[in-house]
Every structure is written in structure tokens, then in C-alpha cells.
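J.: test case, fold it:
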Amino acid sequence: MSFELLQMVGDAQKKGAIIDVRTGDTVRVSQKIKEGDKFRIQVFEGTVIRVDRKQSHTERIVVRKVTSGVGVEKSFLMHSPLVEKVEIVRRGKVRRNNLRYLRERSGKSARLTQKDFDRKAVNELPVEEATEAPAEEAKEEAEKAEA
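T.: All right, here's what the predicted structure looks like:
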């Protein structure tokens, strides 16, 4: 009973549709940053080194980039309301789910082989999924469970 309740609450927090991000992709993540009483959009572009809990409402990606010779990693919850947009810039050819080995590498050895893909089609959200509101579905299911 409690697992079903947790599942309903988790599903209510999910976004309608998100882009299928994979390990090895170079992504551009737009995130809302609050400064005082205003919000601004900050863009973080880097390589996805890890993808966690793909089908869950707690889906997370870890993005890594090197700035001024210093490696910076940031973790993003895909269903967070603070994550505005995720855009895939490049697809990398990888054979594993976790690219921790990139942390010790620099220069050419840290590069991933690029894979051909249709950038426009990948970055387009599915229309039928985007129009549905998961919160409304969760309310309907809760009403059915109560009856």
C-alpha cells in the first residue's frame, strides 16, 4: 500500500516528457538560478559521464566539463522544475554506463568518438506525452483508490 502511494507521488512530480540522454552525450543544460528575488538561466555544457535511475522520477545525469584546466562536474535531476531544458549537442560512442575514467584523462585521450545522429529529431519532445499532465492522472488514480 505505501509503495503504491510513493509511486503515485513520484509520478506526480515527473515532467510530461524529457529527452533521452545517454552516457557519452555532450549536452547543454539550461538551469534556473535564483539570485535574490529574480531567476536567471545558466547554461552548463559538458559530457554526460553517468545516467542514474532512467525510468524513475529521480532520474539524474552527471555532466563533466573542463574549465580553465579544472574539471567541473555537476549533477542534474532531470525532472526538477529548476532544469529548464536539456539539449543534446553531440553523441559519443561509448561501451559502458559510467565514464569515471575520463576524470584522470586530459587532452586528446579524454575525447570520445563522435557518432552520427539526427540532432533535430533527438532534441524534439514527443507531442502526445508533452501535452498530458501527470499530476492530473495521479489525482484520478488516487480518487479511484479511495472509492
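J.: wait, residue 51 sits on residue 61?
T.: Yes: using CB atoms under 8 Å, residue 51 makes contact with residue 61 at a distance of 5.4 Å. All C-beta atoms are positioned from the backbone trio N, CA, C, and that covers glycine.
J.: and those two? Which one has more around it.
T.: residue 61 (23 against 19; other CB atoms under 10 Å).
J.: who does the more buried one bridge with?
T.: Applying DSSP bridges to residue 61 yields these beta-bridge partners: residue 51, residue 76.
J.: now the strands for this structure?
T.: Taking DSSP state E to define them, one finds strands in the chain at 26-35, 38-52, 60-67, 70-77, 83-92, 114-115.
J.: which strands or helices does the shortest one pack on?
T.: Meaning strand 114-115. When contacts are defined as 3 or more CB pairs under 8 Å, 6 or more residues apart in numbering; DSSP states H and E, strand 114-115 packs onto strand 83-92.
J.: what pLDDT, on average, does stretch 73-86 get?
T.: This predicted structure assigns stretch 73-86 an average pLDDT of 89.
J.: just the residues contacting that stretch, thanks.
T.: Identification of contacts with stretch 73-86 by CB atoms under 8 Å, 6 or more residues apart in numbering yields 13-15, 18-19, 21, 27-32, 41, 44, 46, 49, 57-64.
J.: which of those are buried, as a PyMOL select command?
T.: For selection in PyMOL, the members of these meeting the burial criterion (16 or more other CB atoms under 10 Å) are listed in this command:
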select buried, resi 14+15+18+19+21+27+29+31+46+49+57+59+60+61+62+63+64
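J.: where in the chain is the helix or strand with the lowest mean pLDDT?
T.: helix 127-131 (a mean of 52; mean pLDDT, DSSP states H and E).
J.: quick one on the thing from earlier: which residues do residue 51 and residue 61 both contact?
T.: Joint contacts of residue 51 and residue 61 (CB under 8 Å, 6+ apart) are residue 21.
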